[in-house]
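Colleague: next comes the sequence, and after it the predicted model I'd like to discuss.
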Amino acid sequence: MARKLCRFLLFKVMGWKAVVNVPMGDKYVIALAPHTSNFDFILGLLYSRAMGFRCDFLMKREWFFWPLGILMKRLGGIPVRRDRKTSLTDQLAAVARERSSFHLCVTPEGTRSRTTEWKKGFYYIALKAGLPILLYGVDYPSKTIRCTQAVVPDGNADQQMHDIKMYFKDFRGRHPEKFATGLK
């Protein structure tokens, strides 16, 4: 019932469409961009539920206040403390290796504000756990959620991050002025 409701809301009421030709295995990391609005979270939640999968996500710890924190954790939220360096990538990679299924969605920009310095944590989680990174782009003008490419991390982070940014460079977020890849 929830799946049908989410499909109805996302695709019929809101008019979005999905162009996805990369298969989802049992374990993966989703890189989702652009992330320019809090509404992106609602859109991602509707999409994952409409398509019948659950995906954990990283979110700054400040969103996990009571009582919202209980809901965020039930939805798959993993609080991130941005004020200190921790081995979160190592911890998540270890969890991914141990589990029979692992689905994690990360916004590479790490913020809704304009930045060209994307976070690489999602890349290192996937590299350490031997997982593919599925590239999901959200394009608001065409109301399209697109995943037509996956990246298998090989350790050449700079080159592969460049390739990932190239994939996302033509997507337009809800607030396009807040999205930047740093590429021409």
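Modeller: Nice, thanks for sending it over. Residues are numbered from 1 along each chain as shown.
Colleague: for this protein, which spans come out with low pLDDT?
Modeller: For the chain, applying pLDDT under 70 flags the ranges 59-65, 68-69, 71-73, 75-86, 184.
Colleague: ok, 80 please
Modeller: Applying pLDDT under 80 to the chain picks out residues 1, 56-88, 92, 110-112, 183-184.
Colleague: where do the helices of it begin and end?
Modeller: 2-7, 39-50, 68-74, 88-98, 121-129, 157-168 (DSSP state H).
Colleague: mean neighbour count, those: which tops it?
Modeller: helix 121-129 (a mean of 22; mean count of other CB atoms under 10 Å). Glycine gets a C-beta too; all of them are placed from N, C-alpha and C.
Colleague: elements contacting that one?
Modeller: strand 27-33, helix 88-98, strand 102-106, strand 133-139, helix 157-168 (3 or more CB pairs under 8 Å, 6 or more residues apart in numbering; DSSP states H and E).
Colleague: residues near residue 136, how many?
Modeller: Counted with other CB atoms under 10 Å, the neighbours of residue 136 add up to 25.
Colleague: returning to that earlier point: out of the helices and strands packed on helix 121-129, which gets nearest to residue 58?
Modeller: Proximity to residue 58, assessed across those by CB to CB, is greatest for strand 102-106 (5.5 Å).
Colleague: partners of the closest one, with directions?
Modeller: strand 27-33 (parallel), strand 56-60 (parallel) (DSSP bridges).
Colleague: would CSV of the helices of the chain with distance to residue 150 be doable?
Modeller: Shown next, in CSV, are those (distance: least, CB to CB, whole Å):
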stretch, distance to residue 150
helix 2-7, 24
helix 39-50, 17
helix 68-74, 27
helix 88-98, 16
helix 121-129, 10
helix 157-168, 10
